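K.L.:
I would like the atomic coordinates for the input below:
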Amino acid sequence: MIVVTGATGQLGRLVTQSLLAKVPASRIVAAVRRPERAADLAALGVQVRQADYNKPATLGAAFKGAEKVLLISSSAVGQRAEQHFNVIEAAKRAQVALVAYTSLLHADTSSLGLAAEHQATEAVLKSSGVPYALLRNSWYTENYLASIPAALEHGAYIGSAGQGRIASAPRADYAAAAAQVLTLDDQAGKLYERERPAAPP
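P.N.:
Predicted coordinates:
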């Protein structure tokens with residue numbers, strides 16, 4: 001059984017769709033806060049279970065019988081470390097074989113303010129005893145779309161400092177990668193992230 005947390009979110013839905021091309025729907029659990037929003041997934045044969053990062057009891061029920069869990073990072077900045085801890089503890093109690101976590105690109109060395117909660121989550125995973133894989137996603141290409149009108153107006157796209165370069169990928173690509181990790185064996189201890197680009201001459 002593969003559990004996808006946040007399965008009705010923008011990334012979670014794409015991961016679930018990618019998994020449906022690889023495994024029977026009956027082996028997929030969509031763990032969501034509001035099950036009524038996953039009616040389309042249920043119609044495809046996916047198991048829909050309530051799971052709220054802030055309510056550990058729901059996580060235990062959602063992870064029952066799970067072999068692997070995809071922990072999609074919460075969007076609640078400032079609350080994520082505790083929420084992710086709840087998920088990891090529930091996965092540990094369920095004795096899952098793998099937790100795959102969508103972290104931040106170069107989370108261990110990043111100076112971004114958003115990195116702290118990812119660093120905390122990775123530390124909890126490493127000390128939990130639960131087998132895990134880190135999926136350190138970079139910024140989603142879709143996140144840049146809102147800036148396109150201003151870029152066209154001013155003839156410049158602002159997204160990196162100095163000689164930095166934008167290195168993004170569509171959510172669908174990261175979803176396909178997550179589905180691949182969740183359906184392969186021997187993924188515990190693996191770290192997936194884009195290599196740093198070479199400095200321009």
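K.L.:
quick one: the helices in the protein?
P.N.:
10-20, 39-43, 56-62, 80-93, 115-128, 148-154, 171-183 (DSSP state H).
K.L.:
buried sites along the helix or strand of the chain with the lowest mean pLDDT?
P.N.:
Every helix and strand of the chain was ranked by mean pLDDT, DSSP states H and E. The lowest is helix 148-154, at a mean of 88. In terms of neighbour count (16 or more other CB atoms under 10 Å), helix 148-154 has no buried residues at all. For the C-beta atoms, the positions are set from N, CA and C on the backbone; glycine is no exception.
K.L.:
could you do stretch 93-112 as well?
P.N.:
If you call a residue buried by 16+ other CB under 10 Å, then stretch 93-112 has these buried ones: 94, 96, 98-107, 110.
K.L.:
so which of the residues you listed comes closest to Ala167?
P.N.:
Nearest to Ala167, judged by CB to CB, of the buried residues of stretch 93-112 is Leu105 at 7.9 Å.
K.L.:
so how far is Tyr192 from the nearest residue to that closest one once chain neighbours are set aside?
P.N.:
Nearest residue to Leu105 in three dimensions, chain neighbours excluded: Ser138, at 4.2 Å (CB to CB, 6 or more residues apart in numbering). Here the criterion is CB to CB, to the nearest Å. By it, Ser138 lies 11 Å from Tyr192.
K.L.:
turn the buried residues of stretch 93-112 into TSV, columns for distance to Ile158.
P.N.:
Shown next, in TSV, are these (distance: CB to CB, whole Å):
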residue	distance to Ile158
Ala94	44
Val96	42
Leu98	39
Val99	36
Ala100	33
Tyr101	30
Thr102	26
Ser103	25
Leu104	20
Leu105	19
His106	21
Ala107	23
Ser110	19
